[in-house]
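Trainee: here is my input, please return the structure:
(one chain, ligands or ions: 2)
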Amino acid sequence: MKVFKALTIAGSDSGGGAGIQADVKTFQELGVYGMTAITAITAQNTTGVQGVYPLSVEGIAKQIDSIGTDLTPDAVKTGMLFNSEIIKVVAEKITQYQWSNLVIDPVMIAKGGSPLLQAEAIEALKDYLLPIATVITPNIPEAEVISGIKITNLSERKEAAKLIYNLGAKNVMIKGGHEETDQMIDLLYDGNRFFQFESKRIATKNTHGTGCTFSAAITAELAKGKNIVDSISVAKHFIQAAIEDDLRIGTGHGPTNHWAYNKRGALCK
Ligand SMILES: Nc1ncnc2c1ncn2[C@@H]1O[C@H](COP(=O)(O)OP(=O)(O)OP(=O)(O)O)[C@@H](O)[C@H]1O
Ligand SMILES: Cc1ncc(CO)c(N)n1
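Mentor: Ligands and ions are numbered 1, 2, ... in the order given. Sure, this is the predicted structure:
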């Protein structure tokens, strides 16, 4: 049996809904062996972020080397990277090991407003990570920061996608979670065509970790050898199920249910 392997290079969320924890749960649910290189520890729950503790650049490089010298991932994703030094070492190591299928989730701010990426790191993200990305998955505020333009409608989102594509990412997926519309539209640009992935907006405050879960699902499907459009299609169904079947735990923005996608599959059989 061929074992597909995915690596996440991201921050730890002690509350378990976002970050490394969301990624590993998603990989597992999609039948992919998950590996991790932790960039920062956050003290975090559904009410917000109580503390951020980045790891040393040496400690991050060592984790990636441990994987690179023994276990070759079929796909890699990055999440919270915190500062430019971390971004540089992560890009350097991914290039050194010649890993392909790279998903960049340019995590900047947690739901409650806490910064997970320092402002000084934006240029490093553009210079070092975008050129090696198979796909970058910003939400609308992140796409505004990277592209430098304001996004208030779909045509501005398309313009931003083109600008981000020109920075070197092979595919640009600008998510629609931050729009107020009834229809949730995620927009992909592959340098040639636009693709829209649509679903119904679910009225819930329990959306902690949706971005991490979505990008981890794309990573898992790319690891299995699927193309970008098919990978995003699975990820969209995965996140929709996970949000619909919310767990209602914690007093703030609760996590999604990573088990929901497979639970549905089992019920349909
Ligand atoms: N209320 C909702 N109903 C349906 N789908 C949603 C909802 N909120 C987010 N999504 C979906 O979840 C995915 C993540 O989108 P979003 O724009 O929320 O990412 P994000 O802001 O990066 O998430 P995070 O809160 O983890 O930082 C997208 O596929 C989006 O369409
Ligand atoms: C560790 C971590 N990564 C990403 C996010 C964004 O959801 C978060 N809240 N925490």
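
Trainee: how close does Leu187 sit to Val90?
Mentor: When distances are taken as CB to CB, to the nearest Å, Leu187 and Val90 turn out to be 26 Å apart. The way it works is simple: take the backbone N, C-alpha and C, and place the C-beta from them, glycine included.

Trainee: for these two, indicate the residue with more neighbours.
Mentor: Neighbours per residue (other CB atoms under 10 Å) separate Leu187 from Val90, with Val90 holding more: 24 against 21.

Trainee: and that one, what pLDDT?
Mentor: Val90 carries a pLDDT value of 98.

Trainee: for Lys269, same thing?
Mentor: 44.

Trainee: likewise Lys263?
Mentor: Model confidence at Lys263, given as pLDDT, is 88.

Trainee: do the same with Trp99
Mentor: According to the model's per-residue confidence, Trp99 sits at a pLDDT of 98.

Trainee: which residues sit in contact with it?
Mentor: 7, 68, 72-73, 76 (CB atoms under 8 Å, 6 or more residues apart in numbering).

Trainee: narrow those to just the buried residues.
Mentor: With burial judged by 16 or more other CB atoms under 10 Å, the buried subset of those is 7, 68, 73, 76.

Trainee: could you find the closest non-adjacent residue to the first one?
Mentor: Closest residue in space to Leu7, ignoring its immediate chain neighbours: Pro73 at 4.0 Å, by CB to CB, 6 or more residues apart in numbering.

Trainee: so who does the residue in the stretch 101-250 of the chain positioned nearest to ligand 2 touch?
Mentor: For the stretch 101-250 of the chain, the residue positioned closest to ligand 2 under CB to the nearest ligand atom is Ala110, at a distance of 3.8 Å. By CB under 8 Å, 6+ apart, Ala110 lies in contact with 18, 42, 44, 48-49, 116.

Trainee: got a pLDDT number for it?
Mentor: 89.

Trainee: check Asp246 too.
Mentor: 73.
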